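Chemist: pasting the structure only:
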């Protein structure tokens, strides 16, 4: 029997993972109880404003009250005052007024440019990666936080802003006058061939253009580049518009197939959505890559394609967000985003992991016990369970960099070394000539320069209390430090000082040895950062994909007999 799917117009307004809808739904409530509680709140608010000893801002007080109420529900139900409407629009469109740069915060509280979008006002003006942001419109940023800085840099397209920066290793402030433009990063930041017959594309978010961008990438991969099979990367994709998730499934699944259903507090939110068009690639072999940051709309795509035995899922268990939000207009231009329903993939399972209506004694959401989880089945009879996100067909655990490499990555040491290298005119010219995203690797000379740079920046006296806040502690050194503190608290340290000192010396880190031990991994990370500075995002993908264990597993699965076996054919 043919499913009666709801209209695309309604679907276009619903957001999974943040966004908006504009519907009027009748809701039966105990209006007396609601009126009573509103009257109590109104009375308390009025008395506070009249009698509280210190001056109060009614707007700030009300915002705090609303946010406290919403915080007791779930992290997705949120209040947006009129000043945050740009954030609401960004969730659905992916567009904002700005200059096209990203910032990071250093160990000393200063802010620096970590990314500049190609073709953006920031790039055209001459701003560089690694520049330190000092002023905005003549106002110092030293007493501002990242959130406030972001609000100041964003603004209406066509308006001007002045950014005062100091280039790396200099203190001179250079002022750039920049005109804001409408900024939108592509939903598909990269696509290309990962093997002779395998196409690859990555989708970073589900905004209004997601399915169009995916469709264009697939056409290019299959028609122009010769792809016979596809690896579709949803790692790190936190979701977006439900419409786009359904449209993307429709690229691989024929017309008339249910994709997702919703069930809410009222019958009005009990809806089914399915494919309404002819599929672009109904038969092409397909692998979906996921990780623990893949959520919401990503889980609809992966979960439904898994339910239909249309794709093999490789990677890690996904986040597990099966909740639907609706944004409603409030008075004076403000809005509220409310969780109104749960969604269910084609097999009937809900991927929601956390239960916010059943919190423990600490106030944290609970996870449903394994023994109570229901099992559902794919078209070919493969078991899939609810309540755990999307569990991959082939699990590949994430790479564990260890405390040394992880600490170096978090300290921005590699980024700063590359900026230092680029700012050296002679080294910069050498790099510009030799960098090729496909076959590049740093030379022994460059590795030795990095080791020297690291030792200078992270000398032995600063390792545990570094100016970079370098977390140079393994689990072992942490345990020894904890042991020392516990012995001191219990009064045993004084008589065992020599023993503890010997133990500490045994596990004490040696930076030079640790750099050497992790040389291969660090060389890759330095090479990747250099490529990013010269070749941007596409260059990083070209360089890193041949080394990506999850992506390589996908290619191997597609090119071998395992693909059909996993799907139950």
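Modeler: On my side now, so go ahead. This structure is a prediction, so every number in the text was calculated from the model and none was measured.
Chemist: in the protein, which residue is closest to the centre?
Modeler: residue 236 (5.0 Å; CA atoms, centre = their mean).
Chemist: Show the backbone phi and psi for it.
Modeler: The phi/psi pair for residue 236 (degrees, to the nearest 10) reads phi 80, psi 0.
Chemist: Pull up the pairing partners for the host helix or strand of residue 337, direction included.
Modeler: If you go by DSSP states H and E, residue 337 is part of strand 335-345. Strand 335-345 sits in its sheet next to strand 78-80 (antiparallel), strand 258-264 (antiparallel), strand 323-329 (antiparallel), going by DSSP bridges.
Chemist: any chance of those in a markdown table, with distance to residue 414 too?
Modeler: For glycine as for every other residue, the C-beta is placed from the backbone atoms N, C-alpha and C. Formatted as a markdown table, those follow (distance: least, CB to CB, whole Å):
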| stretch | distance to residue 414 |
| --- | --- |
| strand 78-80 | 35 |
| strand 258-264 | 41 |
| strand 323-329 | 37 |
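Chemist: May I see these organised as CSV, with mean pLDDT and mean neighbour count added?
Modeler: As requested, the strands paired with strand 335-345 are exported to CSV (pLDDT from 0 to 100; neighbours: other CB atoms under 10 Å):
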stretch, mean pLDDT, mean neighbour count
strand 78-80, 92, 20
strand 258-264, 96, 21
strand 323-329, 91, 20
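Chemist: Quick one: residues contacting residue 180.
Modeler: 97, 98, 99, 121, 154, 155, 156, 157, 158, 159, 160, 161 (CB atoms under 8 Å, 6 or more residues apart in numbering).
Chemist: let's see 10 Å
Modeler: By CB atoms under 10 Å, 6 or more residues apart in numbering, the contact list for residue 180 reads 96-100, 121, 153-161.
Chemist: cool, residue 98 as well?
Modeler: With CB under 10 Å, 6+ apart, residue 98 has these contacts: 86, 117, 120-122, 150, 153-157, 161, 178, 180-183.
Chemist: Please verify my assumption that residue 194 contacts residue 547.
Modeler: No - counting by CB atoms under 10 Å, residue 194 sits too far from residue 547 to count as a contact (11.5 Å).
Chemist: who has more neighbours, those two?
Modeler: residue 194 (25 against 10; other CB atoms under 10 Å).
Chemist: what about that one, distance to residue 230?
Modeler: Residue 194 sits 10 Å away from residue 230, going by CB to CB, to the nearest Å.
Chemist: follow-up on the earlier one: give me the number of neighbouring residues for the nearest residue to the residue nearest to the centre of the chain once chain neighbours are set aside.
Modeler: Nearest residue to residue 236 in three dimensions, chain neighbours excluded: residue 293, at 4.7 Å (CB to CB, 6 or more residues apart in numbering). Residues lying near residue 293 (other CB under 10 Å) number 14.
Chemist: I figured residue 293 was touching residue 205, is that so?
Modeler: No - in this structure residue 293 lies outside contact range of residue 205 using CB under 10 Å: 11.8 Å.
Chemist: joint contacts of the two?
Modeler: With contacts taken as CB under 10 Å, 6+ apart, the residues that reach both residue 293 and residue 205 are 236, 237, 238.
Chemist: and which of the residues you listed is nearest to residue 500?
Modeler: Residue 500 lies nearest to residue 236 out of these, by CB to CB, at 42.6 Å.
Chemist: how close does that closest one get to residue 98?
Modeler: Counting by CB to CB, the separation of residue 236 from residue 98 is 22 Å.
Chemist: any idea how far residue 119 is from residue 221?
Modeler: Applying CB to CB to residue 119 and residue 221 gives a distance of 23 Å.
Chemist: Likewise for residue 41?
Modeler: Per CB to CB, residue 41 is found 56 Å from residue 221.
Chemist: And for residue 316?
Modeler: Taking CB to CB, one finds residue 316 at 25 Å from residue 221.
Chemist: now do residue 485
Modeler: Separation of residue 485 from residue 221 (CB to CB) stands at 57 Å.
Chemist: remind me which residues of the stretch 301-450 of the chain are low pLDDT?
Modeler: Applying pLDDT under 70 to the stretch 301-450 of the chain flags residues 425-434, 436-437.
Chemist: Quick check: phi and psi at the closest residue to residue 525 other than its chain neighbours.
Modeler: Excluding the flanking residues, the one nearest residue 525 by CB to CB, 6+ apart is residue 414, at 5.5 Å. Main-chain dihedrals, residue 414, degrees, to the nearest 10: phi -70, psi -40.
Chemist: Can you get me a residue count around residue 414?
Modeler: Residue 414 has 21 nearby residues by other CB under 10 Å.
Chemist: Likewise for residue 510?
Modeler: 11.
Chemist: What is the burial count for residue 509?
Modeler: By other CB under 10 Å, 17 other residues sit near residue 509.
Chemist: And for stretch 56-73, what's in contact with it?
Modeler: 41, 44-46, 48-50, 52, 76-79, 81, 330, 332, 334, 336-339, 356-357, 359, 363.
Chemist: quick one: buried residues of it?
Modeler: 66, 70 (16 or more other CB atoms under 10 Å).
Chemist: my guess is residue 133 is in a strand, correct?
Modeler: Yes - assessed by DSSP: H, G, I helix; E, B strand; the rest coil, residue 133 belongs to a strand.
Chemist: any idea how far the residue lying closest to it once chain neighbours are set aside lies from residue 562?
Modeler: Distances taken as CB to CB, 6+ apart place residue 111 nearest to residue 133, at 4.4 Å, with adjacent residues excluded. The gap separating residue 111 from residue 562 is 48 Å, by CB to CB.
Chemist: Give me the more crowded residue out of these two.
Modeler: residue 111 (20 against 15).
Chemist: What is the burial count for the residue lying closest to residue 240 once chain neighbours are set aside?
Modeler: Nearest residue to residue 240 in three dimensions, chain neighbours excluded: residue 206, at 2.8 Å (CB to CB, 6+ apart). Other residues near residue 206 come to 34 when the count uses other CB under 10 Å.
Chemist: what are the ranges of the strands in the stretch 101-250 of the chain?
Modeler: 101-105, 111-116, 132-136, 139-140, 160-166, 174-179, 181-184, 190-193, 198-202, 229-233, 240-241 (DSSP state E, counting those that start in this stretch).
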